[in-house]
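*Asks:* model this:
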Amino acid sequence: MSTDPSDFDDILNKFDKLSPEERKELLDRLERHQAITANGDSGRSVLDGFKKRGLIGSITDAPADWSTNPKYMEGFGRDDE
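*Replies:* Numbering: from 1, shown residues only. A predicted model of the protein is given here:
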């Protein structure tokens, strides 16, 4: 990507006109964007990844809600030390 140096001057001039709060917000957003880009993250959630791989609903012999499984809830609320 080739960028005209005057483009950077325009960006810096606009940056100089921002309030300290706006500068902080811009820098925070740039850092988040950089982290996402560096990690190859497309902004998808874990759920999106599971859906793409067909993992949602793939466990058929488990209760729909783990809290309905008596074994899972065994000892819940007890203070055993």
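*Asks:* can you tell me how far residue 56 sits from residue 49?
*Replies:* Residue 56 is 10 Å from residue 49, where distance means Cβ to Cβ, to the nearest Å. Heads up, the C-betas are built off the backbone N, CA and C, glycines and all.
*Asks:* how about the strands of the protein, start to end?
*Replies:* Shown for the chain, no strands are assigned by DSSP state E.
*Asks:* Give the residue spans of it that score low on pLDDT.
*Replies:* For the chain, applying pLDDT under 70 flags the ranges 1-2, 39-43, 66, 81.
*Asks:* What segments of it are helices?
*Replies:* Secondary structure of the chain (DSSP state H): helices located at 5-16, 20-38, 46-52, 70-73.
*Asks:* What about the residue lying closest to residue 23 once chain neighbours are set aside, how many residues nearby?
*Replies:* Among residues not flanking residue 23 along the chain, residue 15 sits closest, at 6.8 Å (Cβ to Cβ, 6 or more residues apart in numbering). By the criterion of other Cβ atoms under 10 Å, residue 15 has 12 neighbours.
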